[in-house]
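# Here's a sequence, model it:
(chains A and B)
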Amino acid sequence: MIKRIANIIVMLIALELLMLPILALFRCVVEARYIPSTSMRPALQVNDRILLEKVSRFTGKMAERGAIVVFYPPSDRLPKNADNNGDDGRDEANQKWDIMHVLGRLTGLPIFPNEPALVKRIIGVAGDTIRVVPNVGVYVNDKLLVEPYIIAPANYELKTLGDIFGPTVAGIWVRPYGKSQQPIVVPKGMIFALSDDRNNTIDSHIFGFVSEKAIIGRAWVMVYPIQKYMHEPYWSRP
Amino acid sequence: MQESLATTPTTISAKTAMSKAWNLLQDKYPIIILVICWQAVRNILIFAAILTLTVSIPQSPVIMLVTIILLSAESSAEFFWFTLKLVRNEPYNLFHLPSPLAVVNWFIATILTTLSVNLGIFALIIPGLVLGVFFSTSGYAAVDGFGPIQSLKVSWRIASSAFWQIALVFFTMLSLMIIPIGLTVACNFMLVLALAFFYTTSKVYAESATVKKND
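All right, here's what the predicted structure looks like:
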């Protein structure tokens, strides 16, 4: 009798566990995300539901200028060398690697802990020089970006790596590149991402460059409240 | 001949169907898991390949929606077909697929069943549940070579002769599925297998009856 019950339990567990790798495999292709904050308004608003695609990684189009991406924020730890030129190896994402967090990342099930992720628009890719002029706009490679999707231009100035500082998601004050006077040039394998609501948010103007490896996916379709394809660069809400 | 088979009543009770389904599930669950995994992995890879090709065009959400519907239809029809093979103890291999016509028949029969059940639910719920029982074996008939309308007729006739037995299995399993104790998948398999037994026993009985009649 005990053996029979044990067999039944093993069978049920096997049937249920079978769902985990299938779910994880599907999340390698598409992932649903809920927008809890106003940092990307007006393009994305609180309660919006979007689908991210992850296949652009295979075609090399994940980090494209103007694309909206979701990524894990960089680690709050100080860089190895605060006086370097920006290529400081600060590509470590703020992720935990215990089994529960890994399962949470793989399956997205609410029974596992889920780490915070940020949704931002890519402004600069590897090799781009970024400059922000207060109340004017963002210059990429000395060309002013035309940005119909923002509410108002940034009210802060970014000229050098030393201008990148502020409180992170965890509330820790960081100045990732110290007082470096080097221009802001995006290193290889990194992106510079800003929110559409430039003045009330935590983005690359505070935590600096983000590793391409930390990108979870690129916004593909908004499914609620409107159904809209949003994969094209510089997409704005209709 | 198929029409005459369908008119033959089901001979097994709800208890027998459940017990046979349970025993089969215990005996064959490794192959059931293998088939489900294979179908899921194959579909996800096809989905990923099509998404990679179409992601940069604005029509990609519609293309992917159609892809999901077609893949789901194929997989479900294939699973019904696989279940029939299990119940009849016939050989099965992962790369042996049902014919495209069977998949189309299954798809149309399922759409007709879903529409009629939803209309029934709209008319104060009970008619929808009753129609659900009447059309519960139509999927098996569709993958077994019947046309979509004929499948609904076959299912109706099987349920007419064993309504309460099928209803008991149907609602017991559906009730267990909504209990959040992780039995959803197992109950789903149990229901699919038990209904397959209702369908096949009806046909087996009919075949033997036809043979006797011919003798």
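# following the longest helix seen in chain B, which helix or strand shows up next?
Longest helix in chain B by number of residues (criterion: DSSP state H): helix B:14-54. Sequence order places helix B:60-87 as the next helix or strand after helix B:14-54, per DSSP states H and E.
# Could I get the average pLDDT for that next one?
Averaging the model's pLDDT scores along helix B:60-87 yields 91.
# on that earlier part again, do the longest helix of chain B and chain A meet at all?
Yes. Using Cβ under 8 Å from any Cβ of the partner chain, helix B:14-54 reaches chain A at B:25-26, B:29, B:33, B:36-37, B:40-41, B:44, B:47-48, B:51-52. Placement of C-beta: from N, CA and C, glycine included.
# now that helix against helix B:60-87, angle please.
Here the directions of helix B:14-54 and helix B:60-87 differ by 150 degrees (axes from the mean of the first three to the mean of the last three Cα atoms, to 10 degrees).
# about what we covered before: PyMOL command for the buried members of the residues of helix B:14-54 next to chain A?
Selection of buried members from the residues of helix B:14-54 next to chain A for PyMOL, criterion 16 or more other Cβ atoms under 10 Å in any protein chain shown:
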select buried, chain B and resi 25+29+33+36+40+44+47+48+51+52
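# Could you dump the residues of helix B:14-54 next to chain A into a markdown table with pLDDT added?
Formatted as a markdown table, the entries for the residues of helix B:14-54 next to chain A read as follows, by pLDDT from 0 to 100:
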| residue | pLDDT |
| --- | --- |
| B:Leu25 | 82 |
| B:Gln26 | 79 |
| B:Tyr29 | 78 |
| B:Ile33 | 81 |
| B:Ile36 | 85 |
| B:Cys37 | 86 |
| B:Ala40 | 89 |
| B:Val41 | 91 |
| B:Ile44 | 92 |
| B:Phe47 | 94 |
| B:Ala48 | 94 |
| B:Leu51 | 95 |
| B:Thr52 | 94 |
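# Show me what the longest helix of chain B packs onto, helices and strands only.
Using 3 or more Cβ pairs under 8 Å, 6 or more residues apart in numbering or on different chains; DSSP states H and E, the elements in contact with helix B:14-54 are helix A:2-17, helix A:19-27, helix B:60-87, helix B:163-177, helix B:184-214.
# State whether B:Asn93 is indeed within a strand.
No. According to DSSP: H, G, I helix; E, B strand; the rest coil, B:Asn93 belongs to no strand; its state is coil.
# Tell me how many other residues surround it.
B:Asn93 has 7 neighbouring residues, counting by other Cβ atoms under 10 Å in any protein chain shown.
# Then B:Trp38?
14.
# tell me the contacts of it?
Counting by Cβ atoms under 8 Å, 6 or more residues apart in numbering or on different chains, B:Trp38 makes contact with B:Leu94.
# ok, and what's touching stretch B:162-178?
Contacts made with stretch B:162-178 from outside it, assessed by Cβ under 8 Å, 6+ apart, are listed as B:9-10, B:12-14, B:17-18, B:129, B:132-134, B:136-137, B:158-159, B:183-184, B:187-188, B:190-191, B:194-195, B:198, B:202.
# Quick one, which of these are buried?
The buried subset of the contacts of stretch B:162-178 (16+ other Cβ under 10 Å) comprises B:10, B:12, B:14, B:17-18, B:129, B:132-134, B:136-137, B:158-159, B:183-184, B:187, B:190-191, B:194-195, B:198, B:202.
# where exactly do the strands run in chain A?
With DSSP state E as the criterion, chain A has strands at A:30-34, A:49-53, A:68-71, A:118-124, A:129-133, A:137-140, A:143-144, A:166-167, A:173-174, A:184-185, A:190-194, A:210-211, A:215-224, A:228-229.
# any idea how far the closest residue to A:Gly127 other than its chain neighbours is from A:Val140?
For A:Gly127, the nearest residue in space outside its immediate sequence neighbours is A:Val186; the separation is 6.4 Å by Cβ to Cβ, 6 or more residues apart in numbering or on different chains. From A:Val186 over to A:Val140 the distance is 9 Å, taken as Cβ to Cβ, to the nearest Å.
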